[in-house]
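Chemist: predicted model, plus sequence, below.
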Amino acid sequence: MPQKIHIRLAAHRINPSIGVNRRVPKIFTPGQVITEQNEFMRGHGTYEEEGFLKSSVAGVKEQRRRSAEDEHMMRRYLQEGDLISAEVQSVYSDGSLSLHTRSLKYGKLSQGILLKVFPSLIKRSKTHFHNLYVGASIILGNNGFIWIYPTVSNAEDNAGGFVQNLEEVVSRPERETIGRLRNCILALIQSKMMLYDTSILYAFEESQKYSVAELLIPEAMVDVAILTQDRLSMLENS
């Protein structure tokens, strides 16, 4: 017979008599909202979700606001004109944005190709970072910007963050793979097809009968798009 189980929050199980002057600090439990104010810095034991700063562990909040010194220090790493990947945390009334880089996969972008497409053609998914088996990786931005770059062996150490390696030599096969992916995306957007990892990989595979340069021929672009759509339709119907 099913039974109801009620678990009280840690904050409700505190004995006030143990506090100094009967003032007990509030204890947050995992998943509990700490604040939704953007001026507070995300620290250890916290994460951001849907614009809220939440606790990932049980503990007491230590509060610290962003200062002018913090903003000045960031200019050592990021400046106007840098090409970066980040999450848009907030959009303000004056048009300015609050950006957030949760891990080293975000940050400065090094060597690769940038494409701009209609944002409506980017299919929404849980992740927009894809390491493709063909030897290249791709970032599908919700704003319509697409970044194609060589796949690194250890993405957590060598990609993103605040370090750019513009001196590393990209091999010819990698450049050809990146160029082919770019032209395949151009073929898909010409036919107004949705862009996501599966559609791009199918287009890449169907494009093998053409050289990279031939993929810019209108007839080849239409052919690749039709073959890709056929495979996607078969996948949906299977």
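Modeler: Arrived safely, thanks for sending.

Chemist: and the next element down the chain from the helix or strand bottoming out on mean pLDDT in the chain?
Modeler: In the chain, no helix or strand scores lower on mean pLDDT, DSSP states H and E than helix 155-158, which sits at a mean of 45. On the C-terminal side of helix 155-158, the closest following helix or strand by DSSP states H and E is helix 172-190.

Chemist: show me what that following helix is packed up against.
Modeler: Helices and strands touching helix 172-190, by 3 or more CB pairs under 8 Å, 6 or more residues apart in numbering; DSSP states H and E, are strand 113-116, strand 136-140, strand 145-150, helix 197-206, helix 218-237. Using the backbone N, CA and C atoms, a C-beta is placed for each residue, glycine as well.

Chemist: list the contacts for I122?
Modeler: Residues in contact with I122 (CB atoms under 8 Å, 6 or more residues apart in numbering) are 128, 140-142, 144, 146, 194-196.

Chemist: so, low pLDDT: which residues of the chain?
Modeler: The chain contains residues with pLDDT under 70 at 1-25, 34, 36-45, 50-51, 59-76, 78, 102-104, 153-165.

Chemist: break it into its domains for me.
Modeler: Domain segmentation of the chain under automatic domain parsing yields 7-13+24-66, 68-100, 107-237.

Chemist: and these, which is most packed in?
Modeler: domain 107-237 (a mean of 16; mean count of other CB atoms under 10 Å).

Chemist: show the end-to-end separation of that one, please.
Modeler: End-to-end distance for domain 107-237: 39 Å, by CA to CA, to the nearest Å.

Chemist: E80 belongs to a helix?
Modeler: No - according to DSSP: H, G, I helix; E, B strand; the rest coil, E80 belongs to no helix; its state is coil.

Chemist: renumber starting at 93 from here on
Modeler: Sure, I'll start counting at 93 from here, so that last one is E172.

Chemist: convert stretch 272-283 to CSV, retaining C-alpha atoms only.
Modeler: Only the C-alpha atoms of stretch 272-283 are listed here, as CSV (Å, rounded to 0.1, in the frame of the first residue of the first chain):
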residue,chain,number,x,y,z
ARG,A,272,32.8,20.5,-46.0
LEU,A,273,30.7,20.9,-42.9
ARG,A,274,30.4,24.6,-43.7
ASN,A,275,29.2,24.0,-47.3
CYS,A,276,26.8,21.3,-46.1
ILE,A,277,25.2,23.8,-43.7
LEU,A,278,24.9,26.3,-46.5
ALA,A,279,23.1,23.6,-48.6
LEU,A,280,20.7,22.9,-45.7
ILE,A,281,19.9,26.5,-45.0
GLN,A,282,19.3,27.2,-48.7
SER,A,283,16.5,24.6,-48.5
